[in-house]
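Undergrad: Sequence and predicted structure, then a few things I'm wondering about:
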Amino acid sequence: MAHCRYCGNQVPDQAVVCVTCGCNPWAGSKFCQNCGAPTPAPPIYGADFCTKCGVLLTKVPPPNAKSKLVAGLLGIFVGWAGVHRFYLGYTGIGVIQIIATLCSFGLAGLWGFIEGILILCDTGITTDAQGRPLKE
């Protein structure tokens, strides 16, 4: 069991939303994700450690988070078919990408290629369809 970074209450490791506070339990910075102890304000440079258990306090993606590398490479190599969007759970946009590619005789395939590059550069899609941040 992990702890919500917003409210400190226990949440399952695969939780997308904390049932207590309604926030993404992995994106906060007020409590330690390991022991639930309140954390000091983060320093300007780098990450800090929990003063109770010693764990590195960073934005921890949930254990079942999708890989940014996989999503980016899928976008580059088979983005014309929207495979990277299906991988991230955005099935509606994935279907639209397939239809656009077919209707434009392949020209819209650049859409997926460009998205793949943007994902790898951290300027494109940064979360999956459930709002979980992508892991490195």
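TA: Received it, and whenever you're ready, just let me know what you need. Numbers count the residues shown, from 1 in each chain.

Undergrad: Look up how far residue 86 lies from the residue of the chain positioned farthest from its centre.
TA: In the chain, residue 105 marks the outermost C-alpha relative to the chain mean, sitting 32.1 Å out by C-alpha atoms, centre = their mean. As for residue 105, its distance to residue 86 is 22 Å (criterion: C-beta to C-beta, to the nearest Å). C-beta coordinates here come from the backbone N, C-alpha and C atoms, glycine included.

Undergrad: With residue 15 instead?
TA: Using C-beta to C-beta, residue 15 is found at 23 Å from residue 86.

Undergrad: low-confidence ranges in this structure?
TA: The chain contains residues with pLDDT under 70 at 41-47, 58-63.

Undergrad: Tell me which stretches of it form strands.
TA: Assigned by DSSP state E, the strands in the chain fall at 2-3, 10-11, 48-49, 56-57.

Undergrad: Can you tell me which of the ones you listed is most buried?
TA: Of all these, strand 2-3 carries the top mean neighbour count, a mean of 20, counting by mean count of other C-beta atoms under 10 Å.

Undergrad: Partner strands of that one, with direction?
TA: Strand 2-3 sits in its sheet next to strand 10-11 (antiparallel), going by DSSP bridges.

Undergrad: What residue spans form the domains of the protein?
TA: Using automatic domain parsing, the domain ranges for the chain come out as 1-63, 68-120.

Undergrad: So what pairs up with the residue positioned nearest the centre of the chain in the strands?
TA: The chain has residue 133 as the residue nearest its centroid, 1.6 Å off, counting by C-alpha atoms, centre = their mean. Beta-bridge partners for residue 133, by DSSP bridges, are residue 127.

Undergrad: Against residue 90, how distant is the closest residue to residue 5 other than its chain neighbours?
TA: Leaving aside its sequence neighbours, residue 5 sits nearest to residue 28 (C-beta to C-beta, 6 or more residues apart in numbering; 3.2 Å). Per C-beta to C-beta, residue 28 is found 25 Å from residue 90.
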